[in-house]
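Asker: Starting from these lines, generate the structure:
(one chain, ligands or ions: 1)
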Amino acid sequence: GRATPPLAALSQVLRLERSRRTGIVFPLQKLERYLAPGTDTARFRLFQPGLAALQRAEALFRSDRGHPIDYVSSAVRMDHAPPPALPEVCFIGRSNVGKSSLIRALFSLAPEVEVRVSKTPGHTNKMNFFKVGKYFTLVDMPGYGYRAPQDFVEIVEAYLQERCNLKRTFLLVDGVVGLQKTDHVAVDMLEEFGIPYVMVLTKIDRASRGVLLKNVLEVQEFVKENTQGCFPQLFLVSSVEFSGIHLLRCFVAHITGNLPTVEAS
Ligand code: GDP
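Answerer: From the prediction side, this is the model:
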């Protein structure tokens, strides 16, 4: 298997000095001090787990003999999807948004898991199912936008409407370019279906602080004014620097019902 990248594990992050550590674990809060005074930041802290919860979540994402994390199967149609036996989360976003990189980062403590990169022919237009022990399943959905509108409609819509064990959908938005027209199409669809979702801003290491702040505020404002089903707190991630990955693991553990002591939000 692959070696564990730096900062993939909390134990590595805890060795950093405080400000750097906050930036990796709570990247949204790190931005707070650059906001205009009076900016409403209550929404930045709705999900703010402590160390124990972060550690418990990490244990779920770390495979061992008694706790296998496996790629299960790919499906192009709902009747090929594995039985809806466990709580499930899915990840959707435009092609190139950083979806496979994010899923690889989430599973970096289970190096035997193979996350197919989107360029792999034949895997761009499929749903890829991963099983995390006996706790939950995670689905990598086909990328939408350029070249894949038809797959998106046929596969993603059917999945979102029919999957009874789906607990939350993670909608990825590129942190460098912000919300695009195709992202709005996805939001409209999620809103129409009335299913709960979360927005995740990707590649934050690549955006300058100014650009990142602008995109964060824009998305937060958009969510506040135009959505019903979206969790009010935006998640920020870098799959390269592992910022936001630990928090996202914890949120996934929480919404799949695997963190009993964290207050429901
Ligand atoms: P997908 O098509 O959504 O699965 O996107 P990929 O995960 O393949 O990423 C698309 C491109 O963005 C690749 O060149 C990645 O190396 C790059 N990328 C993805 N995530 C990050 C990130 O967090 N930081 C940086 N700097 N680059 C990223």
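Asker: thought Gly133 was touching Leu60?
Answerer: Yes - using C-beta atoms under 8 Å, Gly133 is in contact with Leu60, at 7.1 Å. For every residue, glycine as well, the C-beta is placed using N, CA and C.
Asker: More neighbours: these two, which one.
Answerer: Leu60 (21 against 18; other C-beta atoms under 10 Å).
Asker: Tell me how far the more buried one lies from Asn258.
Answerer: 6 Å (C-beta to C-beta, to the nearest Å).
Asker: Equivalent analysis for Leu86, please.
Answerer: Counting by C-beta to C-beta - Leu86 and Asn258 are separated by 10 Å.
Asker: Touching both of the two, which residues are there?
Answerer: Shared contacts of Leu86 and Asn258, defined by C-beta atoms under 8 Å, 6 or more residues apart in numbering, are found at Tyr135, Phe136.
Asker: Could you pull out the residues contacting both of Leu60 and Asn258?
Answerer: Tyr135.
Asker: which residues touch Leu7?
Answerer: Val13, Ile24, Glu241, Phe242.
Asker: Could you report the pLDDT at the third one?
Answerer: In this model, Glu241 is scored at 96, pLDDT.
Asker: Which residue is the nearest non-sequential neighbour of it?
Answerer: Asp205 (4.8 Å; C-beta to C-beta, 6 or more residues apart in numbering).
Asker: Need the CA coordinates for the biggest helix by length in the chain. CSV is fine.
Answerer: For the chain, the longest helix by residue count, based on DSSP state H, is helix 209-226. C-alpha atoms of helix 209-226 as CSV (Å, rounded to 0.1, in the frame of the first residue of the first chain):
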residue,chain,number,x,y,z
ARG,A,209,-6.7,34.4,0.8
GLY,A,210,-8.6,37.1,-0.9
VAL,A,211,-10.2,34.8,-3.5
LEU,A,212,-11.0,32.2,-0.9
LEU,A,213,-12.7,34.8,1.4
LYS,A,214,-14.7,36.1,-1.6
ASN,A,215,-15.8,32.6,-2.5
VAL,A,216,-16.6,31.6,1.0
LEU,A,217,-18.8,34.6,1.7
GLU,A,218,-20.5,34.3,-1.7
VAL,A,219,-21.4,30.6,-1.1
GLN,A,220,-22.5,31.3,2.5
GLU,A,221,-24.7,34.1,1.3
PHE,A,222,-26.1,32.0,-1.5
VAL,A,223,-26.9,29.1,0.9
LYS,A,224,-28.6,31.5,3.4
GLU,A,225,-30.7,33.2,0.8
ASN,A,226,-31.5,30.5,-1.7
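Asker: Done for today, thanks.
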